[in-house]
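> Predicted coordinates and the sequence they were generated for:
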Amino acid sequence: MFDPLEMAVITERIVCKDNLRKYYRFRPSRFYGGISTADSVGCCLRCVFCWSWREVVRPEEYGKYYTPEDVASRLVSIAKKKKLH
Ligand code: SF4
């Protein structure tokens, strides 16, 4: 077993730097009629069915740091490119 609160503190030290936050992917998706979405790095749980296991257990090895403005800009850009409403 592990303590998710303790894991959150450890994970935060890796994935957050001032106002920067780690993301490993920006992408369009067909869900909800079409969306643009960002996949962040950093989780304090360890679900057995996790689809992002590599990023969850080794956050230091995945993603890059982005500002909130960078993230918003990328999401809007994807939405425009894919003509999402
Ligand atoms: S599925 Fe993976 S990313 Fe989602 S809460 Fe569980 S461990 Fe975290």
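Nice, thanks for sending it over.
> how near is the closest residue to Glu61 other than its chain neighbours to Lys17?
Leaving aside its sequence neighbours, Glu61 sits nearest to Arg54 (C-beta to C-beta, 6 or more residues apart in numbering; 7.8 Å). The C-beta positions use only the backbone N, C-alpha and C, and glycine is treated the same way. Remark: distance between Arg54 and Lys17 (C-beta to C-beta, to the nearest Å) = 21 Å.
> Of those two, which one has the most company?
Arg54 (13 against 10; other C-beta atoms under 10 Å).
> Give me the distance between the more buried one and Cys43.
Plainly put, Arg54 is 12 Å away from Cys43 if you go by C-beta to C-beta.
> check which helix or strand covers the residue lying closest to Ile78 once chain neighbours are set aside.
Closest residue in space to Ile78, ignoring its immediate chain neighbours: Ser36 at 3.7 Å, by C-beta to C-beta, 6+ apart. For Ser36, the host element (DSSP states H and E) is strand 35-40.
> near the ligand, anything from that strand?
No. Strand 35-40 does not reach the ligand (C-beta under 6 Å from any ligand atom); its nearest approach is 9.3 Å.
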